[in-house]
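Asker: quick check, what structure comes out for this input:
(chains A and B)
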Amino acid sequence: MTAPTEGLSRLHGGLRLPAQKTHSTGAPIREVAVAPRLIMPLGRKAGAAARPLVAAGDRVTRGQRIAEGRPPVSANVHAASSGTVAAIEDRPAPARDGGAVPCILIDTDGDDRLHEDCRPLPDSITRDPAALAGAVEDAGILGLGGAAYPTAPKLAEGLGQGLEALILNGAECEPCISCDDRLMREQAADIVSGARLMLTILGIRECLVAIESDKPEAWQAMKAAVAEAPEGIRLVQLPTVYPSGGEDQLVRLLTGREVPSGGLPADVGYLVHNVGTAEAVARLAASGEPLVSRVVTVTGDGIAEPGNYRVRLGTPMADLARAAGGYTERAACLIMGGPMTGVSLPHDDFPVVGATNCLLFTREPPAVSGEPERPCIRCGECARVCPVRLQPQQLHRHAGPVDEEALALFGLDDCIECGCCDLVCPSHIPLTRSFRRAKAALRLKAHERRKAERARHRFEARERRLSRREQAARERQEDVRRQAGAEAIREILERRRRGRGDED
Amino acid sequence: MRFRTVHLPLLRPKTGVGEVMRQVLYALAPAAAVYVWFFGPGLLFNVLVAAVFCLGSEALILRIRGMPVAPALEDYSAVVTAVLLAFALPPLTPWWVTATGSIFAMVFAKHLYGGLGYNVFNPAMAGYVAVLLSFPVAMTAWLPPRMGDLDYEGLSLLESLGYVLAGRLPEGVTLDAITRATPLDSVREGLREMRIFAEIRTNPLFGDFGGRGWEWIDNFIALGGFWLLYRGIIRWHIPVAVLAGVLVPATIASILQPGLVPTPGFHLFSGATLLCAFFIATDPVSAATSPAGRLLYGFGIGLITWAIRTWGGYPDGVAFAVLLMNMAVPAIDRYTRPRIAGHGRST
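Answerer: Numbering: from 1, shown residues only, chains lettered A, B, ... in the order given. Predicted coordinates for the structure are as follows:
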């Protein structure tokens, strides 16, 4: 593999991590049987959930829309198999904050019948950017790289921005995860056709497909697929450095441009989508099937048959684990996502969702009981590896009791929570966790400030209203008094005049 | 099934503070051995006394502060302070002087500022300056190197111990008889007497660049420094900047006034220049923390060291230079923040 990595910009920092992918890359993607019960969350957060279109007891078929999304925060949800709606209830979502979201529970019937509206997209749609964008939105396609942001609004971000190119992210830089690798090996042609559909929507021709250098098989497969596609789609090999697959880091590596703080890649002319997302778009065009499944890497020493599995969204993680041979005695922790940025989950009753790129079943991390956490000695190793060029040692100093001004100065908001700093800290400080907490504390503070501000406004408005009312009352009284006074004077004058008259 | 939740990243760091500090000690070991070869066992007593009092006073103050004692002692930072202090003191230093320096370093310089990670001043240098100002005479007991051609009247192990512990010298031996001015002292005095540098250098105490014996210790200190650089325990910015801070003005001065000022090589291989560059100024806690800041910090230390040697009241200026630059660290850190990705050049 001597593909071009030259010509790439340099990423600051980053780490070479043990890949730990070979356990799961050996076998092809296996299809997992439909679970008896599917749990379909209607969004990532309670406030942004999609609106249910079915009620308990309704019969549903695979691909049938069962909830209407509220773009851009949530996408349409489709039944992942046929069956009966058992209930609509709140369930904890598999996410870091773990709040409850409304979920539609489906008891599957085993027939897995496809909804009659799911038909391959005709040319009239696949060649019309607006219609195609509409179809992607209708199909509820989410970014399958791990963030699960709805794809249609993300594509829309790029419209009218003078985009230079679409970037397909096949870096998959985080250890343990290999679903994109297997997908590229097995469905390279689908990924390329998905990329072409995305290009149609965006009205551009250039597409860069970024693949890390440790995936030679995927590279070969994608190379063959790209060779058959029209010009404009180009493969780029990335150095195997974590986190080269981070959106902003990827743009930086490929183009040398920096996504402005708080901005989007579209601000510098690029749009980044995951290769799995492209495959989902191609699947929609080819079969009309909306997003009802994804490939999940199931791996770790806690699982009997590590590998990649195509699984229906909504499948309880326990069912997926059973399909992967069940647990070994080492299964002590369940991580959704990779070992760097994933979420540690307390049980396996959570459903597989769009963001579930990997389930890692593993023993407890070894060094928890080893070296204790010590004070920061300001060695600065964290700053050396930070891909955003932050100084975690300085952020840490101000994150304990949060010092808002200092945290802003040292760029807390720019932290991408990649976890590199944690791995090099000789004091074993959980830096990323403390930054996450500091961000949450600041959000809360800002929220409270807004609330207080609103309350103050309300209070002031009330005060004004009251004082206006008082003023008006006073004026009325004054008027009355003035009138009364005038009257009295008139009366006196009258009397005097009369008196004088009397004297006369 | 239920699972235990853990904080991510799941991977854990490979090294720890204790390991880092141990590496620093290993890196100093060869230089210490050479030191003992040339100047007798005094250094070992210094190390021993300093270590006992550093660890002891740290344990005591941790108890007083109500903090766990064992983890703090296990991080070896107190031992590193002790060893650096021992290197700074003359080989024949009465135990109570060393003890005073150690206690000052731990209690005043380190823990009154909040302990490891929070101390503004380099503890070893603060301790050294405290005894330098308090007991100036004891700070001059430097010995001549053990070289074949010098009239060397060294003390034996027991005799050294007797002096360190009880201030007792063997019958008929006076301190003046066995101690010698350091090369930096001789140059200072010589230049003051209007002699030229080349002439001062003819003194048998001088070697190729700096003082005889000292040059060899410095070679091994540099070797230890390279080891730390190779292991990634320290980074290049501070050592390079400290050396540049000494060498740049020294070179300019020796071009402008050839023969009237010490050569850059003499500055490099005398006093604590190399020890400072690799082991003292690189203490991360009291140093600036950004790469640019470390360059500035190091250069400042080098420059002030050179300035004190040239115009100041002390033969060497390393300790004062380090403490002065320690004070500048908050300002340096504020104005040398690296540009964060995604922010314009101006912010």
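Asker: can stretch A:89-96 be found next to chain B?
Answerer: No. On the criterion CB under 8 Å from any CB of the partner chain, stretch A:89-96 is out of touch with chain B, staying 9.4 Å away. C-beta coordinates here come from the backbone N, C-alpha and C atoms, glycine included.
Asker: pLDDT weak spots in the chain?
Answerer: In the absence of a named chain, chain A is used. Within chain A, the stretches with pLDDT under 70 are A:1-7, A:366-371, A:499-504.
Asker: should've been chain B
Answerer: B:148-153, B:345-347.
Asker: give me the residue from it nearest chain A.
Answerer: For chain B, the residue closest to chain A is B:G117, as judged by CB to the nearest CB, at 3.3 Å.
Asker: that residue: what secondary structure?
Answerer: Assigned with DSSP: H, G, I helix; E, B strand; the rest coil, B:G117 falls in the coil class.
Asker: now it. Its backbone dihedrals?
Answerer: Note on B:G117: backbone dihedrals following degrees, to the nearest 10 are phi 100, psi -20.
Asker: nearest residue to it other than its sequence neighbours?
Answerer: A:P375 (3.3 Å; CB to CB, 6 or more residues apart in numbering or on different chains).
Asker: okay, and B:T93 sits in which element?
Answerer: For B:T93, there is no enclosing helix or strand under DSSP states H and E.
Asker: can you get me a residue count around it?
Answerer: For B:T93, the count of nearby residues is 27 (other CB atoms under 10 Å in any protein chain shown).
Asker: just to revisit the earlier point, tell me the contacts of the residue of chain B closest to chain A?
Answerer: By CB atoms under 8 Å, 6 or more residues apart in numbering or on different chains, B:G117 lies in contact with A:R374, A:P375, A:C376, A:I377, A:R378, A:S427, B:V285.
Asker: cutoff 6 Å now
Answerer: Contact partners of B:G117, counting by CB atoms under 6 Å, 6 or more residues apart in numbering or on different chains, are A:P375, A:C376, A:I377, B:V285.
Asker: quick one: secondary structure of the residue nearest to the last one when sequence neighbours are not counted?
Answerer: What it means is B:V285. The shortest distance from B:V285 to any non-neighbouring residue, by CB to CB, 6+ apart, is to A:I377 (5.2 Å). Of the three states, A:I377 takes coil according to three-state DSSP.
Asker: okay, now A:I377: neighbour count?
Answerer: 23.
Asker: isn't it right up against B:D283?
Answerer: No. A:I377 lies out of contact with B:D283 (CB atoms under 6 Å); the separation is 8.7 Å.
Asker: now B:L295, nearest residue through space, not along the chain?
Answerer: Once flanking residues are discounted, B:L295 sits nearest to B:A241: 4.6 Å by CB to CB, 6+ apart.
Asker: and A:G145, by the same measure?
Answerer: A:N274 (3.4 Å).
Asker: phi first, then psi, for that neighbour.
Answerer: The phi/psi pair for A:N274 (degrees, to the nearest 10) is phi -80, psi 150.
Asker: got the domain ranges for the chain?
Answerer: With no chain named, the answer covers chain A. Domain segmentation of chain A under automatic domain parsing yields A:22-34+A:114-323, A:369-504.
Asker: actually, chain B is the one I wanted.
Answerer: Using automatic domain parsing, chain B is parsed into the domains B:16-179, B:217-331.
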